[in-house]
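[1] Here is my input; please provide its structure:
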Amino acid sequence: MAQPSSKTYPFPYSQAAQLDDRIKDPRPIIDPTLTSLVDLFLLPEELDLDFMRGTTVSSEENEATAFVYNADTVVQSAPHLEHVEHHVPGPDGNDVILSIFKPKQPTSSNLPVVYHIHGGGMVAGDRFSAVTELLGLLKDVECAFASVEYRLAPETRAPGPAEDCHAGLVWLSQHATSLGLDAAGIVVLGVSGGAALAAAICLMARDRKSLATPVKAQMLLSPMLDDRVMAEPRHPDVPLHVASKNQEAKIRDLEHDRNSSQQQEETIDKEAQAGVRNVEAIATVWSKTTLIIAYVLIWIVYLVMLMQQMSSASLTPFVTSAFQLHSLTPTVGIISTVAGGVCILTIAKVLDVFGRPQGYAVSLVITTIGLIMMAATNSVEMYAAAQVFWTVGTNSLLYTVNIIVADTSSLRNRALMTALTASPNIITIWLGGPISEGFLNGPGWRWAYGMFSIIVPIICAPLLALLLVNLSKAKKQGVIVPEKEKRSPIASVLYYAREFDAVGLLLLTVGLSMFLLSFNLYGFQPLQWRSPLIICLLVFGVLLVVLFALWEKFLAPVTFIPYSLLLDRNMVGACVLGTTLFISFFCWNSFFTSYLMVVHDLSVTKASYVYQIYSLGGSLFSIATGVVIRYTGRFKAITLYGAIPVYVLFMGLMIHFRDAKSSNLGLIIMSQVFLSAAGGIMLITPQIAAVSASNHQNVAVVMAVLSMFSAVGGAVGLTVAGTIWQNVFPVKLAEYLPVEVQPELFNIYAMLEAQLMYPVGTPTRIAIQKAYADAQSMMLTGGTAVWVLAVVGVAIWRNTDVRTMKQVKGNVI
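    Presented below is the predicted three-dimensional model:
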């Protein structure tokens, strides 16, 4: 390393500056084909920006012959135009200059306008560059020509130039009428490097909805927009802007990000909430080895949580049957499913405001309480309450782990890492049934929940410890700056209640629960829909949901759900798909285990295996989907043209296969395999579609909103399944059961054990099987019809390439 000198460097990224000990700014990426040329000019001399930009001339002869672009030369070349200069407020308090050239005697007061962004690689040129030549192309068109002066590199770093151009475009659109221009007739024109900026600001204007009237068109001259451009065969030696060079530049850019001495400062988003800043700090200070250990621990957490989820799915019918309320199997899940989805919104704010470790710890405590309550329950009502705790805790815990995966993986690898961390499904499918059957045949279902109440906190604790240790490490290294503001306890409660939108969440949770519960409980009321209880549940449920909307719109001091993201078409489509998938799934899945045991005479273990085919196949195809997205960057086509048609086809076939006369276990298993393949794809792609519309700050909320819609879809599916079951199954039982068994109708309807006690082949068992088939066919019909919504939802997705998007920072995968 050279010794410090007295030199000053107007361009600190030159090689000369990089050899000086005093210079701490690492050099940014330089096109690999230009590196040697740049170093040749910059070593040992300083960078002369004026020379580089062509604003100086080397001799009197050149000075005499050089053509200078300015307003005068433009007007001289186009004497029918007049020039007016406008100073527009810039994004960083700077002025953005617009030069507008208009016909001196226009025939219209509503002229179309070309918005010009000059070329020069974003390091050279000005608003007059090549304007005379461009005006020559427009000589037969009566229009205005507006050219923007944007800040250049290296003095201004990205996205400064694009923000300047966008500010000018917005101003031009807003003031078009007073300027005699047509706001609906703006064409954005960019040349070379300016073409990239032109494409960027058109996307910015669309996504930010910053223009009252959309851009009419864009015209890109010599743009470089796609890093997959290949050299033509007849020009194999063309050095610039081809795939291999761009890939090399991308790799070097990533290495620069990782090795930068400014990495710490650049990684932490100072505008993000504390929880997001904390996790970025954790990702900054931990090593690659620690990152790998974290993923191993995440995988183990998923293993245990999925194991207890699958065991509970097999145990639930026996728990409700123990209280002679087997038909409440879907009902038990309604409140817990809705609460689990909606409460994740609260957990999202815990993660953002406090931090990922804190949210993880809260979720773990709630899960453990729910398991303990399940083990100690002595009524179906207490079990339902325990189910709420357990579902809220389990959903929040798995959601938090999923967010940690999102925090520590690039968007390109997000689908693959999400699928891999959830892959314990492949193992737990073989364990859930035997564990459930072992406890049912042994100490009883209570001990199953008691065992998990001990295992879950022990297994989940190491990941929590790892996060806390690295959070402490980040604080000690000064990466996390503690907040200076101090609040009293009461002020803190009020502050966080406002930040969490506690009132809105309470209104929505209770409202949805009351509304959906009415659909499942009306069958138990003598007056059914005319029952005062059901009417109250419906009226107050709808009223609370309306109050929630009004609260969020007019009274909430902090709007919890980001409306701009909810209106994004990727987000909307993802929510529609998630809702549809879960409605359809729970329509046919609610009594599936009971169906397998009653109609096909399977044991608990074998029924569990068939039941879990969907989970097993979903895990495998989720991994395959992650691989596809990693290498193609696309998620729309495999969903719209692959997953949805397959799912609808085999849902329709399942209607036929459920028929008692044609019921065949092999065909049902085949359908389950294909449904799992399609379902595995659609468990991943909505998440990627939704987060691709967001930045890191909003990832947790976006995922929470998506989870809420999926949970509500599940609750709707459970409600539909429960309603069909309560209206079809007992009626068909009364129709098919032999006369001598009619007095046992209620016990057969309410208790799974009563259904299984009649031997296969007897008239009573055949009658029960036919009633099951009729009810299941109705559920499947509803679950198939709803898929028309998903087709529309996915069709509106943007065909985004996630390989080109950077969302998270720090040491990630």
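
[2] report the longest strand in this protein, please.
    strand 181-191 (DSSP state E).

[3] contacts for it?
    With contact meaning C-beta atoms under 8 Å, 6 or more residues apart in numbering, strand 181-191 is reached by 110-119, 129-130, 134, 143-144, 169, 172-174, 176-177, 196-199, 201-202, 211-213, 215-223. Bear in mind the C-beta positions are built from the backbone N, C-alpha and C, glycine included.

[4] what's downstream of that strand, the next helix or strand?
    The C-terminal neighbour of strand 181-191 among helices and strands, as given by DSSP states H and E, is helix 193-208.

[5] Report the mean per-residue pLDDT for the helix or strand following that following helix.
    For helix 193-208, the following helix or strand on the C-terminal side (DSSP H and E) is strand 217-221. Averaged over strand 217-221, pLDDT sits at 89.

[6] Also stretch 430-442?
    pLDDT averaged over stretch 430-442 gives 75.

[7] before we move on, back to that, list the buried ones in the longest strand of the chain?
    Residues of strand 181-191 classed as buried: 181, 182, 183, 185, 186, 187, 188, 189, 190, 191 (neighbour count, 16 or more other C-beta atoms under 10 Å).

[8] returning to that earlier point: the contacts of strand 181-191, buried ones only, as a PyMOL selection?
    The PyMOL command for the buried members of the contacts of strand 181-191 (criterion: 16+ other C-beta under 10 Å) is given here:
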select buried, resi 111+112+113+114+115+116+117+118+119+129+130+134+143+144+169+172+173+176+196+197+198+199+201+202+211+215+218+219+220+223
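
[9] Distance of the spatially closest residue to residue 421 that is not a sequence neighbour relative to residue 397?
    Using C-beta to C-beta, 6 or more residues apart in numbering and skipping the chain neighbours, the partner closest in space to residue 421 is residue 298 (5.0 Å). Distance of residue 298 to residue 397, given as C-beta to C-beta, to the nearest Å: 11 Å.

[10] if you count what's nearby, which of those two comes out ahead?
    More crowded of residue 298 and residue 397, by other C-beta atoms under 10 Å: residue 397, with 26 against 21.

[11] who touches the more buried one in this structure?
    301, 305, 360, 363, 364, 367, 460.

[12] can you redo those as TSV with distance to residue 280?
    Formatted as TSV, these follow (distance: C-beta to C-beta, whole Å):
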residue	distance to residue 280
301	22
305	26
360	17
363	21
364	23
367	27
460	23
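
[13] can you tell me which of these are in helices?
    Here DSSP state H is the test, and the contacts of residue 397 give 301, 305, 360, 363, 364, 367, 460 as lying in helices.

[14] Settle this for me: the second one is touching residue 452, isn't it.
    It stands for residue 305. No. Residue 305 sits out of contact with residue 452 when judged by C-beta atoms under 8 Å, with a separation of 9.3 Å.

[15] Can you pull out the low-pLDDT segments for the stretch 701-813 of the chain?
    Residues of the stretch 701-813 of the chain meeting the criterion pLDDT under 70: none.

[16] What are the boundaries of the helices in it?
    745-750, 752-756, 763-785, 787-795 (DSSP state H, counting those that start in this stretch).

[17] Return the most buried member of these.
    Greatest average neighbour count among those goes to helix 763-785 (a mean of 21), per mean count of other C-beta atoms under 10 Å.
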